[in-house]
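S.K.: task: produce atomic coordinates for the following.
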Amino acid sequence: MAVPAIILAAGASRRLGQPKQLVQVGGETLLSRTIRVAREAGADPVFVVMGANGSLLAEQLDLSQVTTVMNPDWEQGIASSIQAGIRALLQVEAGATAALLLVCDQPRLTSEHLIALVGAYEQAGEVRIVASRYAGIAGIPAIFPASQFAGLTALQGDTGARHLLRETKFQMTMIDFEGGEMDIDSPGDLAAIKVSIKVSIKAEI
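M.R.: Residues are numbered from 1 along each chain as shown. A predicted model of the protein is given here:
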């Protein structure tokens, strides 16, 4: 089953001091890597929501295999990007039964993990949220069935999808995501992750 993916990539990365979407880790930009991993996992279609630096991303990256969505309200917070992504999905697939939400700054994300999420969603029969579990909490990437679209589009400001994942009234399945807590918000985060990636490569060799 192909599940549509929405990659949230509209932020300005002010704390980092440079567009995180274009940061290279392991020889690949974070956004390009997220797109590749989503497509390798069979996600279709793939939407990329852009805002700050949208023109720069379009100039420097190959976005030919995704549908780009410009979010003019990106400064209002991540909720506006979720709304823009869901609206774009429903314009293309009015009967969409689910959406996979991702961010572009989880360098440990793999297609295997996304495939595991999709497999759990298929077993759940389209009634459960299927989320990633790391650092003791539920987070994204996560697959939200269409029954949750109204809740996603009702989010405001910097309240992201994790708000819904904290609501215990929803049925939810969680899949462990080792390293999912690693994201890149500051220069210190980036330096630590680059060191971690180098250590992992050396260990594999």
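
S.K.: pull the number of nearby residues for Ala124.
M.R.: Counted with other C-beta atoms under 10 Å, the neighbours of Ala124 add up to 16. Quick note: C-beta positions are derived from backbone N, CA and C, even for glycine.

S.K.: now do the phi/psi pair for it.
M.R.: With angles defined as degrees, to the nearest 10, Ala124 sits at phi -80, psi -10.

S.K.: one more: the one 10 residues further on?
M.R.: Backbone torsions of Tyr134, given as degrees, to the nearest 10, read phi -160, psi 150.

S.K.: ok, now which ones touch it?
M.R.: 176-181 (C-beta atoms under 8 Å, 6 or more residues apart in numbering).

S.K.: neighbour-wise, which one of those leads?
M.R.: If you rank the contacts of Tyr134 by neighbour count (other C-beta under 10 Å), Phe177 sits at the top with 23 neighbours.

S.K.: show residues contacting stretch 117-128.
M.R.: Outside of stretch 117-128, the residues within contact range by C-beta under 8 Å, 6+ apart are 1, 3, 41-42, 97-98, 100, 130, 132, 141-143, 145-147, 171-173, 175.

S.K.: just the buried residues of those.
M.R.: Neighbour counting by 16 or more other C-beta atoms under 10 Å classes 3, 41, 98, 100, 130, 132, 141-143, 145, 172-173, 175 among the contacts of stretch 117-128 as buried.

S.K.: now the two most distant members of the contacts of Tyr134.
M.R.: Within the contacts of Tyr134, Asp176 and Glu181 form the most distant pair, 11.7 Å apart (C-beta to C-beta).

S.K.: chain center to the helix or strand hosting Thr34, what's the gap?
M.R.: Applying DSSP states H and E as the criterion places Thr34 in helix 30-40. Relative to its chain's centre, helix 30-40 lies at 10 Å (C-alpha atoms, centre = their mean, to the nearest Å).

S.K.: give me the buried positions along it.
M.R.: So helix 30-40, judged by 16+ other C-beta under 10 Å, has buried residues 30-35, 37-39.

S.K.: what's the separation between Ser55 and Arg33?
M.R.: 21 Å (C-beta to C-beta, to the nearest Å).

S.K.: can you give me the strands for this protein?
M.R.: For the chain, applying DSSP state E gives strands covering 5-9, 24-25, 28-29, 46-50, 67-70, 98-103, 129-134, 137-145, 172-176.

S.K.: how many neighbours does the closest residue in space to Gln76 that isn't next to it in sequence have?
M.R.: Ranked by C-beta to C-beta, 6 or more residues apart in numbering and with sequence neighbours excluded, the top spatial neighbour of Gln76 is Gly157, at 6.5 Å. Neighbour count of Gly157, defined by other C-beta under 10 Å: 10.

S.K.: ok, Gly157 touching Trp74?
M.R.: No - Gly157 lies out of contact with Trp74 (C-beta atoms under 8 Å); the separation is 12.0 Å.

S.K.: which residue is nearest the centroid of this protein?
M.R.: Leu102 (1.0 Å; C-alpha atoms, centre = their mean).

S.K.: which residues touch that one?
M.R.: Counted by C-beta under 8 Å, 6+ apart, Leu102 has contacts 5-8, 34, 38, 109, 140-141.
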